[in-house]
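Enquirer: My questions concern the predicted model and sequence given below.
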Amino acid sequence: MKSFFSSLKEVYSRLSWLDTVCSAIVALGLLVALLGINGKVSSFLEFLAVVAGVYLVARFIGWWRSRLLWSLRNRIYVAYLFIAVVPIVSIVILVVLAARILYSQLGAYLLYEDIHKRIELIADIAQHIAIAHQTLPASITESESEGILAVQSQAVHDRELPGLKIEFSSKSRDLSQLRDTSQGKNSFAGLLQEEHSVSEPTLSLISLRMIEDSEEPRVVVLRVPVDKDFLNTIAPDLGVIQLNLMELYEGTSPQGVLYRSGGKQYRVAKPIVASNRRLQAPMFWLDSPVNVVSPLDSVYVAKDGKLDLARPLLAVANARPSRLNARIFTSLGELRNTYVILFVLVGIIFLLVEAVAWTTGIVLTRRITRAVADLYRGTQYVQARDYSHRVQIEKQDQLGELAESFNRMTSSISELIEVEAKRRRLENEISIAREVQNQLFPSTLPSVPGVEIEAICKAARSVSGDYYDFIQLSPTHVAIAIADISGKGISAALLMASLQAALRSQALTEGSEYMSTAELVTRLNKHLVRNTGDDRFATFFIAVYDSATRTLRYTNAGHLPSFLICNGSSHLLDKGGMVLGVLEDYVYEQGELQVAPESLLIGYSDGLVEPENVYGEEFGIARLREAAIRVQSAKPSLVAESLMAAAEEWAGTAEQADDMTVIVTRLR
């Protein structure tokens, strides 16, 4: 359960905003579908849900693919899957599909041929009766001869043609029209659908034959009703057989399954199902049945005598492939068993080859992945600083040479680690000071209406002696501080940490926004005097701005004076006193002034004004102030970068002699 929630958490962490929106759309679409809400908006929402669902599925497949293919073993298995398994499975599916199509066509052929053999049979019977009628003795009357011939033919063909009826009639109108459909010949044989006024339409095999040399025109008519008993006698290799009589459909909206033929639409009017026919039992588990569909043509006679010369019929059946195979291989005679045995042997050889190929592939895959896994496990030992682990070498091949190279590498890592430890001991002091200092600078800017703050600090070495801070005292009050700590290295970083802790402990107390900056600086001075040596001190400047009253209160403790720029003029903020950490009972002074709109407060360290040019002239506060006035309308970030660039350009060298810090505050 824990791993499940971990997986969900990992999936959630990977969701983008688009994934989240699509998930919400899918959820709304499912809710609309479950509640059954109808309307244009709901339909459009369901459409969007489908599109979003497709996108999420694609995203999930990509994420799952990246996780699956991370392992080399899985990659090789996937490669084998697409190189070997997928083509073989595709070929097998293609062969099975082709076999089922062939079996279906064979079944349709058997059904079609058997019905047409019965049609040819009754046509032959009609022809024999017509010829036999001419050979009877003259002493026998025509009615007696017709009766004798009809009885004999019915007795002989009762099994193949159940319900056979033989009639002799004159050339009636309906039969004459039906016979004339055979393009002027004296005979007709085929399937006939007849529509009756009081009963359902019927289907029958019918054959008409003109008896020549008769005193009057006579036609012998053979009729076999196509019913469930007739269907029992045809195509014994098939299973259940159903013959569907079709009727013309002229509606506008489809009803049921429609069949198109000759530009017309037909639907099932009456099914005729064979009785006592069942699908044969399977010979083995793969002997699944196939469906058989065979279209037939018939002549349709309507109630009013109109003819449809191409009314379709659909013969539907099913069959077992094993029975159809027996029908196919019957024609091979004595070689049938030889072909079957040869086919089985080839199949067995193919399976053996596949088994050997799979076994070889799996063995090689396991060997490769085991070597990679051993190397990966070795890297885990190295990551855990255990350099005594060695990878086992099984064979002297490329993988074995790779393992040997890894072992040689781990044996030399100890020496490298010792050298690295010495270097780190030398840099340890600097890295500690850097870490301490990085934690002192503010990580987020205060959010006070009408106040924009930007600060840049460039250390001359790894650790800077400059310190700046921004503290939000209330929704409308913000404190801005900058300091320069005496000394370098860890000692300066520790003093900076002490000053920062003392400043924040005083500034973050309740009501500190109304505290005098002189009182705040006095407390910081006492803290430094009591907790540092006599040779440690810091210059410090702090200003508290109230955006509601546009009042700026400040105290400068020995720091270079900050200045406030407005409309091209500047005002130095120099009221305060001496540096912090020297005299415990020193009294500091607070300065206060009203700030005009769009003013710019700039604080800086001595590293920004002390760079010298090639003639030994310092950049100075005056040049810094003029550079600030030139860009006073720009954003604070651009102002800070411009001042830094101006000082560096004056020095003419990329090397810094001291730390350079500047704070730019826009007071709107």
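Expert: Ah, there it is.
Enquirer: show me where the stretch 51-200 of the chain has strands.
Expert: Using DSSP state E, counting those that start in this stretch, the strands found in the stretch 51-200 of the chain span residues 165-169, 187-194.
Enquirer: The longest one: how far from the chain's middle?
Expert: Relative to its parent chain, strand 187-194 has a centroid offset of 60 Å by CA atoms, centre = their mean, to the nearest Å.
Enquirer: Can you tell me what sits against that strand?
Expert: Identification of contacts with strand 187-194 by CB atoms under 8 Å, 6 or more residues apart in numbering yields 115, 119-120, 122-123, 126-127, 178-179, 181-182, 201-210, 226, 245, 296-301, 311, 313. C-beta coordinates here come from the backbone N, C-alpha and C atoms, glycine included.
Enquirer: What pairs with it, parallel or antiparallel?
Expert: Here strand 187-194 has these sheet partners by DSSP bridges: strand 202-211 (antiparallel), strand 290-301 (parallel).
Enquirer: all strands for the stretch 201-350 of the chain, in order.
Expert: Ranges of strands in the stretch 201-350 of the chain, per DSSP E, counting those that start in this stretch, are 202-211, 218-225, 241-248, 259-261, 264-273, 290-301, 307-319.
Enquirer: of all these, which lies closest to residue 343?
Expert: For these, proximity to residue 343 was assessed by CB to CB; strand 290-301 is nearest, at 19.7 Å.
Enquirer: Tell me which of the strands paired with strand 187-194 sits most buried.
Expert: strand 202-211 (a mean of 22; mean count of other CB atoms under 10 Å).
Enquirer: Kindly export it (C-alpha atoms) in CSV.
Expert: In CSV, the C-alpha atoms belonging to strand 202-211 read as follows (Å, rounded to 0.1, in the frame of the first residue of the first chain):
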residue,chain,number,x,y,z
THR,A,202,-42.4,-19.6,-50.1
LEU,A,203,-39.2,-20.8,-51.7
SER,A,204,-38.7,-23.8,-54.0
LEU,A,205,-36.5,-25.4,-56.5
ILE,A,206,-38.4,-25.4,-59.8
SER,A,207,-37.7,-26.8,-63.3
LEU,A,208,-39.9,-26.2,-66.4
ARG,A,209,-39.5,-28.3,-69.6
MET,A,210,-41.5,-28.1,-72.8
ILE,A,211,-42.7,-31.5,-74.0
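Enquirer: 765 is where my numbering starts, stick with that
Expert: Right, with 765 as the first residue, what we last looked at is strand 966-975.
Enquirer: could you give the angle of that strand to strand 1028-1037?
Expert: Put simply, strand 966-975 runs at 100 degrees to strand 1028-1037, going by axes from the mean of the first three to the mean of the last three CA atoms, to 10 degrees.
Enquirer: what about the residue lying closest to residue 924 once chain neighbours are set aside, how many residues close to it?
Expert: Closest residue to residue 924 apart from its sequence neighbours, by CB to CB, 6 or more residues apart in numbering: residue 885 at 6.3 Å. Neighbour count of residue 885, defined by other CB atoms under 10 Å: 19.
Enquirer: Next: the one 4 residues further on.
Expert: Around residue 889 sit 24 other residues, with neighbours defined as other CB under 10 Å.
Enquirer: Give me the residue ranges of the stretch 1065-1214 of the chain where confidence is low.
Expert: Along the stretch 1065-1214 of the chain, the model assigns pLDDT under 70 to residues 1094-1101, 1104, 1190, 1193-1194, 1197, 1200.
Enquirer: CA atoms of stretch 871-883 as PDB?
Expert: Provided in PDB are the C-alpha atoms of stretch 871-883 (Å, rounded to 0.1, in the frame of the first residue of the first chain):
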ATOM      1  CA  GLY A 871     -18.000 -23.700 -46.800                       C
ATOM      2  CA  ALA A 872     -19.800 -21.200 -49.000                       C
ATOM      3  CA  TYR A 873     -18.600 -23.000 -52.100                       C
ATOM      4  CA  LEU A 874     -19.900 -26.400 -50.800                       C
ATOM      5  CA  LEU A 875     -23.200 -24.800 -49.900                       C
ATOM      6  CA  TYR A 876     -23.500 -23.100 -53.200                       C
ATOM      7  CA  GLU A 877     -22.500 -26.100 -55.200                       C
ATOM      8  CA  ASP A 878     -24.800 -28.500 -53.400                       C
ATOM      9  CA  ILE A 879     -27.900 -26.300 -54.000                       C
ATOM     10  CA  HIS A 880     -27.000 -25.900 -57.700                       C
ATOM     11  CA  LYS A 881     -26.500 -29.600 -58.100                       C
ATOM     12  CA  ARG A 882     -30.000 -30.100 -56.900                       C
ATOM     13  CA  ILE A 883     -31.200 -27.500 -59.400                       C
END
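Enquirer: Perfect, that will be all.
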